[in-house]
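[1] The following block contains a protein sequence and its predicted model.
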Amino acid sequence: MEIKPLSGFVFNDRFPKSGTWRITVRGGGFTGKFTVPAGDQYDLVVTGGSSYDDSRHMPSYSPVTIQVNSRLIVSDYSPTGPNGAATEALPNRWPIFARAGQNTLQFALGRRATTHYWIHKIEIQTAH
């Protein structure tokens, strides 16, 4: 996947795990381009999570909006655990339709986010 970072999209090479991406700014995120062989149903699988706000002792809230080819996949989804606890590396799966050839993935952190959204892995899989 080819990634074009937008504001607040940074690569994390340190804590808590190296090799992850992080969206740190409300409204920030990235645009990605991916290619599939045929126009069909696929699954977008995002392994990621939200961080805890140690400075204010607030529950985790990292809502993201995801679009594929400008079609809304999920809006204000926040991967939190019980009682707003931070989460780490949870896989989330959404059905998408991708056209043959190049497609665009848009990922943005919500305007009311209080914590960062972490991305460990993004996959486009054949639909189950």
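    Nice, thanks for sending it over. Quantities reported herein were computed from a predicted structural model and do not represent experimental measurements. Numbering: from 1, shown residues only.
[2] where's V46, which helix or strand?
    Element membership for V46, per DSSP states H and E: strand 40-50.
[3] Count the residues that sit near the nearest residue to G28 once chain neighbours are set aside.
    With sequence-adjacent residues excluded and distances taken as CB to CB, 6 or more residues apart in numbering, G28 is closest to G8, at 2.7 Å. Where C-beta positions appear, they are placed from N, C-alpha and C, glycine not excepted. When neighbours are counted by other CB atoms under 10 Å, G8 registers 19.
[4] For G8, list the residues it contacts.
    I23, T24, V25, R26, G27, G28, G29, L109 (CB atoms under 8 Å, 6 or more residues apart in numbering).
[5] Quick check: the gap between it and G19.
    Between G8 and G19 the computed distance is 19 Å (CB to CB, to the nearest Å).
[6] now S75: how far from I96?
    14 Å.
[7] An error on my part: the question was meant for F11.
    Note on F11: its distance to I96, by CB to CB, is 25 Å.
[8] Please identify which of these two sits among more neighbours.
    Using other CB under 10 Å, the more surrounded residue of F11 and I96 is I96, with 21 against 11.
[9] my guess is the more buried one meets V45, correct?
    No - checked against CB atoms under 8 Å, the pair I96 and V45 is beyond contact range at 10.2 Å.
[10] what's the closest non-adjacent residue to S50?
    Distances taken as CB to CB, 6+ apart place S62 nearest to S50, at 3.6 Å, with adjacent residues excluded.
[11] same thing with R71?
    F97 (7.5 Å).
[12] Count the residues that sit near the one you found.
    Neighbours of F97 (other CB under 10 Å): 14.
[13] How about S78: what's its closest non-neighbour residue?
    For S78, the spatially nearest residue (CB to CB, 6+ apart) is P63, at 4.3 Å.
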